[in-house]
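Chemist: No letters, just coordinates:
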């Protein structure tokens, strides 16, 4: 006769229910990252990034795709622009950046500074 274990066997339905209950109580693994608030200071200086006309990537995202990055100061914007527009260190000879960068300014916010 086989020895029975001292722990009672649970039905598969109960095990599945317990697993679902356990997963539903799980929180964010790094909740401390969610506590910090994002500063709401005005960011009037920006860099608009666009695709070059005829870029094949435009077929995926749309020919009119653009993204604007906003910064607190002119110095921050200019530093980021020079970093974005620089030739990548691993670029091949003859490679050209596929993006166009344009300085923009939100006049209403910049005048309020």
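Modeler: Arrived safely, thanks for sending. The structure displayed is predicted, hence computed values, not measured ones. Numbering: from 1, shown residues only.

Chemist: low-scoring stretches of the protein, by residue?
Modeler: Counting by pLDDT under 70, the chain shows low-confidence ranges at 1-40, 113.

Chemist: can you give me the helices in it?
Modeler: With DSSP state H as the definition, the chain shows helices at residue ranges 12-25, 32-35, 58-61, 74-85, 107-112.

Chemist: contacting residues around stretch 43-63?
Modeler: Around stretch 43-63, the neighbours that count as contacts under C-beta atoms under 8 Å, 6 or more residues apart in numbering are 65-74, 76-77, 80-81, 84, 98-110, 113. Quick note: C-beta positions are derived from backbone N, CA and C, even for glycine.

Chemist: Which among these count as buried?
Modeler: Burial by neighbour count, 16 or more other C-beta atoms under 10 Å: within the contacts of stretch 43-63 this picks out 69, 71, 77, 80, 81.

Chemist: Let's have the residues you listed in a markdown table, adding distance to residue 56.
Modeler: Listed next are the buried ones among the contacts of stretch 43-63 as a markdown table, based on distance: C-beta to C-beta, whole Å:
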| residue | distance to residue 56 |
| --- | --- |
| 69 | 23 |
| 71 | 30 |
| 77 | 29 |
| 80 | 26 |
| 81 | 25 |
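
Chemist: Among those, which one lies nearest to residue 42?
Modeler: Checking those against residue 42 with C-beta to C-beta, the nearest one is residue 71 at 10.5 Å.

Chemist: Bridged to that closest one, which residues?
Modeler: When bridges are taken as DSSP bridges, the partners of residue 71 come out as residue 45.

Chemist: Can you name the residues that contact it?
Modeler: 43, 45, 46, 47, 77, 80 are the contacts of residue 71 under C-beta under 8 Å, 6+ apart.
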